[in-house]
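# how does the following fold in three dimensions:
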Amino acid sequence: MTKNSNWRPVALALTTLGAIARLLPHPPNFAPVGSMSLFAGARLPVWQAYLMPIALMAVTDPILGAFYGYPAYSKFQLFSYISFLISVWLGRYLRGTESMPKIASFALLNSMQFFLLTNFGSWLWFQAYPRSITGLADCYVAAIPFFGWTLAGDLVYTGVLFGLHAWLSRTVAVQERVAATA
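Below is the predicted model of the structure:
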């Protein structure tokens, strides 16, 4: 096999592992999808990076929907899908770095954009809150406990994915090592 800079088997395997972890039992919003999307944006070729979260959600949503008794697809999920594509876009800014402070900062930013976008979608599509600024504020306030889980999950999974990739790219897949920039 010839060396191809677009072929990143370790990064692809770690992204897939993050995707599979979505199916494991976890607290609400303590899921790997945002981190997996951020990691994919940072370490995979652009077409694979944007395809992974959409494929992950398209495959796992029906499985989880059947297990938990909710519809496989809904208009509301569009907000989650868009959020994960934004996560990939954010990850593109991490392509040349292994800086943990920078990666952790982007994980925090990733959690915040997910919180803002998906709770806006919740307010817009569900009838739980009035269609007013007060209703939107109430929706965001009610979602704060979930934000804690989102942030914790994003920090943990981001650390695991980027950390494993850094280690593996130094030991078994040196062709995937990130050329660090200042």
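
# longest helix anywhere in the protein?
Criterion DSSP state H: the longest helix present in the chain is helix 144-171.

# give me phi/psi at the closest residue to Phe162 other than its chain neighbours?
Using Cβ to Cβ, 6 or more residues apart in numbering and skipping the chain neighbours, the partner closest in space to Phe162 is Ile103 (5.3 Å). Where C-beta positions appear, they are placed from N, C-alpha and C, glycine not excepted. Reported as degrees, to the nearest 10, the phi and psi values for Ile103 are phi -60, psi -40.

# residues contacting Ile103?
Contact analysis of Ile103 by Cβ atoms under 8 Å, 6 or more residues apart in numbering lists 94, 97, 158-159, 162.

# now the buried members of those.
94, 97, 158, 162 (16 or more other Cβ atoms under 10 Å).

# how about low-confidence regions in the chain?
1-7, 173-174, 176, 179-182 (pLDDT under 70).

# from Trp149, how far out is the residue positioned nearest the centre of the chain?
In the chain, the C-alpha closest to the average C-alpha coordinate belongs to Gly34, at a distance of 1.3 Å (Cα atoms, centre = their mean). Gly34 is 11 Å from Trp149, where distance means Cβ to Cβ, to the nearest Å.

# and what of Pro28?
Counting by Cβ to Cβ, the gap from Pro28 to Trp149 is 6 Å.

# burial measure for Arg177, as a count.
By other Cβ atoms under 10 Å, 13 other residues sit near Arg177.

# list the contacts of Ala58.
With Cβ under 8 Å, 6+ apart, Ala58 has no contacts at all.

# which of the residues in the helix or strand harbouring it are buried?
Per DSSP states H and E: Ala58 is located in helix 46-68. Buried residues in helix 46-68, counting neighbours by 16+ other Cβ under 10 Å, are found at 48-50, 52-53, 56-57, 60-61.
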